[in-house]
Every structure is written in C-alpha cells, then in structure tokens.
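Trainee: 3D, please:
(one chain, ligands or ions: 2)
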Amino acid sequence: MADYTKMWSELGLDLEGHNALLSILGSAYGDIFLSQKNRPEGMKYFDFVMSEVHGLRIQELMEAKAQRRIVVGSYCVFVPEELILAVDGVSVGLCAGAEFNFEGAEEVLPRNTCALIKSAFGFKLGKVCPYLEASDVVVGENTCDGKKKSYEILAPMVKDLYVMDLPQMKTDMGRTFLKEEYRRFMAKLERVSGKKITPESLKMGIEIVNAKRAAVKRLAAIRAADPAPISGLDALLVNQVFFYDDPVRFTHSVNQLCDELEERVKNGIGVSAPETTRVLVSGCPMAVPNWKLPMLIESSNAVIVGEESCVGERGVRWLTESKDGTVEDLLDAITARYFSIDCAVFTPNPSRVEYVKEMAKKLNAQGVIHYSLQFCQPYIVESGPVEKELEHASIPTLRLETDYSQEDAGQLKTRIEAFIERLEKK
Ligand code: SF4
Ligand code: SF4
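Mentor: Ligands and ions are numbered 1, 2, ... in the order given. Take a look at the predicted model:
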C-alpha cells in the first residue's frame, strides 16, 4: 500500500491507533482468507480492495469530494443508495465489525450494548475510521432501540447526523410513513449536494443499484452447486465489499467472479469435497472484519452456502422496479422495494423464517446456524420462534449468541462441531 499518512492526518485520524487497527486487520485477513485452498482467481480483486480499503478507496472518496460530490455514510440497509446516487453522491457503509476501543465506547454507552454499536463508537472515539471522517452526512435510522438511542450520543460527535425514522409494522400506514421519510431524505440530499433529483437521475441510481444487487444474487444462486464453488468466507467478503466499493466496478468484478464460478460448476470443481456438509447462516449482519463465526464453521468440516443477513441475502434479495415515470412513481417503487426487507425490528415478521426455509431448500443446506450478537434484542427474541419453526420443518438449527471477542471461540467451535456431526448423521 502506498503512503497515505498525509490523507489520514488531514482526515483527523489517530495515526497510532489506525496503524494498530490496520496491522491487526492485515494479519487476520492473511490468516483467514489468504490461507484458504483452491480459491477462485476472481477473489484477487476483492483481496486488492481489502488491502486498499483505507487507502485507495478513501483517496477516491476524497477525489469525489474535491469534485463537489457528497459522501453519505450509513449503518443500515434501509438507507436507499439509489437516492444518494441520484444526487451523484457516494454511499458508504459505516458498520464496524472489530472489537476496537470498547473501553472508550463503554464510557458513553452501557456495557450491555451490542458489539456492532459499540464497535461504531469505538471507531469514532478512537478516530480510526476514514469512511466516517470522510462522510459529509451520516445517516442514522430508528431501527432497534440500541441504535436509536445511541444516535443521540453520536450526534455531537459527527459533522452532520441525519436521523431517518422507520416504521415497525408492515401496514399501509407503515408504507406511507416510509415513503414520507424517503421524501424527507431526498430533500436533505438535495440540500446538502445542491443538486436536484430528476426522473432521469433517479432511474440511473436505481439501475446502478439493481445491477449491483443482481450480480450478488447471481453469486448467491451459483452456491447451490455441490461441490460449493466458493467458500462462505469469500462469499461473505464479496457481500461486505458491497458497502464500500464503487458500485459499477464492484458489479463488473462480481460478474467476472460468477463467470469463473459457473465454469467451476460445469467442471465439478469446488472449494471443498463433494457432499461436504452444507450450512446456512441466518441472523445479524456481519460487518468487516467480523469473520469469526464463518471461520469457525468452515474449519469444522462444513461449507456455508448462504447468508440470510443484511450483509447477504436480506440486503440484495429485492430489486427496485425500474420504469419511466415521475420522481413520485420511482419513489413509490423504491418504497415498495425497501418495505419488503424483513429485519427483526419489524413486528410481526413472519416472512423472514419463511425465506430461511426457502433458502435452505434452494441451496441444499442441511442445517441453519442462527447467529445473534449478544444484547441484540430483535434477533435474539426472534431466534426462538425461528428455531422452533425450522426444526418443525425438519431443518436442524443451532442458535448461537456471540460478540466480537475471541474469548468464546473454543466454546463456539465445540458446539458447531457437535451440530455438524448431527447433520452428518442425518
Ligand atoms: S439488521 Fe435491521 S437494523 Fe440492522 S442493517 Fe439490517 S435492516 Fe438495518
Ligand atoms: S445487531 Fe441488533 S442490537 Fe445491534 S444494531 Fe443491529 S439490530 Fe441493533
């Protein structure tokens, strides 16, 4: 990586802390990803993106800003990238997946806050996230109580925090409410960027994001093959890079990877032996560099064939209807698309478990590992009924709760191995 010290200093990063984070990230990446056998060639692009995730990509953001394009950071897949692209903005994900500066985070948040929120605060207080520092607007959303209340604490720490309210029930009132919130967000984006959203710019935004999601859906479908042509770790990485990379370049690279994987499938080439135990992971999102669980699963004689998560299927499953029409028509299409997302913050949320069953069938998964972050009420509460319903449908399910630390790795591994054995005997 080139020397980006000047750029990082200008962004106000704490260079010592940031170097420490990059060094941990780099060595974890080498151990977890580069050590995998028989990886597709197409993963080289994603290795490169990861090696430059705080370097070249940030430089690109700074260049975009110099051309008066705004950078919008967000923490949730309910924030429509289509609208950000419609003002020629750049959308970046801000969720963090590392146990960094939790001591700092716990000075402003209760200890029993989920690791995802604590990590975001740890990064902010430790001044180690160039994406957050480069953002002209940071969008918070009222989803779970943890996030909703923590944005009140985050507000004075960032340049411009915009809070998006979200419905909690899938009712007509909820849909109208969501559309009005998206209309309010459009006005905010127009104000900050100084650009007006037109039917043409919005349609272009929709098409770029649809193409990006379609490429990831293509990748997801290829994973139905046995032997699995790509590891769950690598597929997760693609889903994680989704939130950082330039969307058009990302789409091209995912499609190239898919071409290669389709060839692999034709030739019966896989990352693991045929009939390796196949597992689906469902639950909370896994932000970079949260790779603990997939690593434990895939080092236990199993392969992950799908992720029912916002960094996965829940984030890409629905496309927005792209049509000629007014901004109002397109806003309706965007609302319809996002209103389908079955996050556990909705009540009731029956479509989620139905889709887990459908995914297990489509991808020939033998069992489901339900993953909740500790203290995540929505997913932990939902995990009980989900397990019951999956087991009732003869889909063995293991419920796990964990955080970002490595302390429980041994215990988790024992439980995962016992579960895989159960699947092998089925
Ligand atoms: S799990 Fe829910 S709150 Fe979290 S990113 Fe997904 S939609 Fe947003
Ligand atoms: S993991 Fe759960 S508690 Fe944490 S931010 Fe997401 S929904 Fe909220």
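
Trainee: residues contacting the closest residue to Ala215 other than its chain neighbours?
Mentor: The shortest distance from Ala215 to any residue that is not its chain neighbour, by CB to CB, 6 or more residues apart in numbering, is 3.8 Å, and that residue is Val254. Placement of C-beta: from N, CA and C, glycine included. Contact criterion CB atoms under 8 Å, 6 or more residues apart in numbering gives 212, 215-216, 218-219, 238 as the residues in contact with Val254.

Trainee: And Pro247, by the same measure?
Mentor: For Pro247, the contacting residues are 81, 85, 208-209, 211-212, taking CB under 8 Å, 6+ apart as the criterion.

Trainee: and if we set it to 6 Å?
Mentor: Taking CB atoms under 6 Å, 6 or more residues apart in numbering, we find Pro247 in contact with 208, 212.

Trainee: Distance of it relative to Lys147?
Mentor: Here the distance between Pro247 and Lys147 works out to 25 Å (CB to CB, to the nearest Å).

Trainee: check contacts around Pro274.
Mentor: Listed by CB under 6 Å, 6+ apart, the contact set of Pro274 reads 226-227.

Trainee: swap in Phe177?
Mentor: Phe177 sits next to Pro167 when contact means CB under 6 Å, 6+ apart.

Trainee: gap between the residue nearest the centre of the chain and ligand 2?
Mentor: Among the residues of the chain, the smallest C-alpha distance to the mean C-alpha position (CA atoms, centre = their mean) belongs to Val311, namely 2.8 Å. Distance, Val311 to ligand 2, by CB to the nearest ligand atom, to the nearest Å: 11 Å.

Trainee: The residue lying closest to Phe100 once chain neighbours are set aside: neighbour count?
Mentor: The spatial neighbour of Phe100 that comes closest, neighbours along the chain excluded (CB to CB, 6+ apart), is Gly122 at 4.7 Å. Using other CB atoms under 10 Å, the number of residues around Gly122 comes to 26.

Trainee: can I assume Gly122 is in contact with Glu103?
Mentor: No - under the criterion of CB atoms under 6 Å, Gly122 makes no contact with Glu103, lying 8.3 Å away.

Trainee: Shouldn't the residue nearest to Ala215 be within a helix?
Mentor: Yes - going by DSSP: H, G, I helix; E, B strand; the rest coil, the assignment for Val254 places it inside a helix.

Trainee: Read off the pLDDT value for it.
Mentor: On the pLDDT scale, Val254 is placed at 98.

Trainee: And Lys179, by the same measure?
Mentor: On pLDDT, Lys179 comes in at 98.

Trainee: mind listing what the closest residue to Ala224 other than its chain neighbours touches?
Mentor: In space, not counting the residues next to it along the chain, Ala224 is nearest to Leu363; the distance is 5.0 Å by CB to CB, 6+ apart. Listed by CB under 6 Å, 6+ apart, the contact partners of Leu363 are 224, 305-306.

Trainee: Which single one of the residues you listed is nearest to Arg191?
Mentor: Proximity to Arg191 was ranked across the contacts of Leu363 by CB to CB; first place goes to Gly306, at 39.9 Å.

Trainee: Would you list the phi and psi of the closest one?
Mentor: In this entry, Gly306 is assigned phi and psi values of phi -170, psi 160 (degrees, to the nearest 10).

Trainee: Verify the stated contact: it with Leu280.
Mentor: Yes - using CB under 6 Å, Gly306 makes contact with Leu280 at a distance of 4.8 Å.
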